[in-house]
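**Q** how would this look folded up:
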Amino acid sequence: MMRIITGKARGVKLKTLEGDATRPTSERSKEALFSMLQFDIEGREVLDLFAGSGQLGLEALSRGAAAATFVDKSKQATKIIDENVIKTKLLDGARVICSDVTDFVRTVRGRNKYDIVFIDPPYAQQIAVQTAKSLYDARLLKPTSIVCCESSEQDIFATCPDAAQIFAVIKQKKFGISYITLLGLKGEDEQ
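**A** Reported below is the predicted structural model:
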């Protein structure tokens with residue numbers, strides 16, 4: 001069972017997709033992630049990619065984020081996200097988009113900038129850091145943006161070494177087979 005941990009929608013149980021198509025972030029991992037972000041959420045613009053049930057973006061909205069955009073290519077997932085948005089009463093600022101992440105990035109290129117981005121793709125694809133780099137290339141990040149990647153790789157840059165020129169690891173924690181890695185943009189003098 002997944003639920004909102006704290007904030008306006010605290011304790012609300014979330015619907016999830018049936019089957020193995022998605023791998024929800026465990027409650028323990030989610031709690032640790034939001035402990036790492038606790039002072040960075042209020043009033044921020046959030047982007048939840050590979051959103052699944054929308055639990056990360058909804059948790060951010062519950063904790064005071066100004067807006068959250070949820071992107072998932074599955075029609076079933078976006079239907080569940082819509083239902084969870086209604087169930088949590090977090091409709092203000094919630095935007096649900098059924099799209100492949102690559103298409104979404106190409107479509108919104110340079111139009112919006114996000115403060116916090118959650119990237120939680122299927123582990124087998126090993127595309128978390130490539131996705132972060134595509135957001136940077138599409139001018140969708142601010143100099144102060146935090147990119148939260150959930151992956152199975154301890155060395156987040158192993159699959160995309162170029163991203164190490166752009167991002168620095170702020171924090172990383174391991175939970176079972178999962179690593180939650182917070183990335184920040186390097187200053188121009190560090191690149």
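
**Q** name the helices or strands packed onto the longest helix that the chain contains?
**A** Assignment by DSSP state H gives helix 75-88 as the longest helix of the chain. With contacts taken as 3 or more Cβ pairs under 8 Å, 6 or more residues apart in numbering; DSSP states H and E, helix 75-88 sits against strand 13-14, helix 55-62, strand 67-72, strand 94-98. C-beta coordinates here come from the backbone N, C-alpha and C atoms, glycine included.

**Q** starting at the chain centroid, how far to it?
**A** In this view, helix 75-88 has its centroid 16 Å away from the chain centroid, taken as Cα atoms, centre = their mean, to the nearest Å.

**Q** buried ones in that helix?
**A** The neighbour-count check on helix 75-88 (16 or more other Cβ atoms under 10 Å) flags 77-78, 80-82, 84-85, 88 as buried.

**Q** Kindly report the same for stretch 115-135.
**A** Buried residues in stretch 115-135, counting neighbours by 16+ other Cβ under 10 Å, are found at 115-121, 123, 126-135.

**Q** Out of the residues you listed, which sit inside helices?
**A** 128-135.

**Q** and those as TSV, adding distance to residue 100 and pLDDT?
**A** Conversion of those to TSV gives the following (distance: Cβ to Cβ, whole Å; pLDDT from 0 to 100):
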residue	distance to residue 100	pLDDT
128	16	93
129	18	94
130	14	95
131	11	96
132	16	96
133	17	96
134	12	96
135	14	97
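
**Q** if we take the residues you listed, which one ends up nearest to residue 46?
**A** Looking at those and their distance to residue 46, the nearest is residue 135, at 12.9 Å (Cβ to Cβ).

**Q** what about the closest one, distance to residue 88?
**A** For residue 135, the distance to residue 88 equals 26 Å [Cβ to Cβ, to the nearest Å].

**Q** Tell me, what's the model's pLDDT at the most centrally placed residue in the chain?
**A** For the chain, the residue sitting closest to the mean C-alpha position, by Cα atoms, centre = their mean, is residue 118 at 1.2 Å. For residue 118, the pLDDT comes out at 97.
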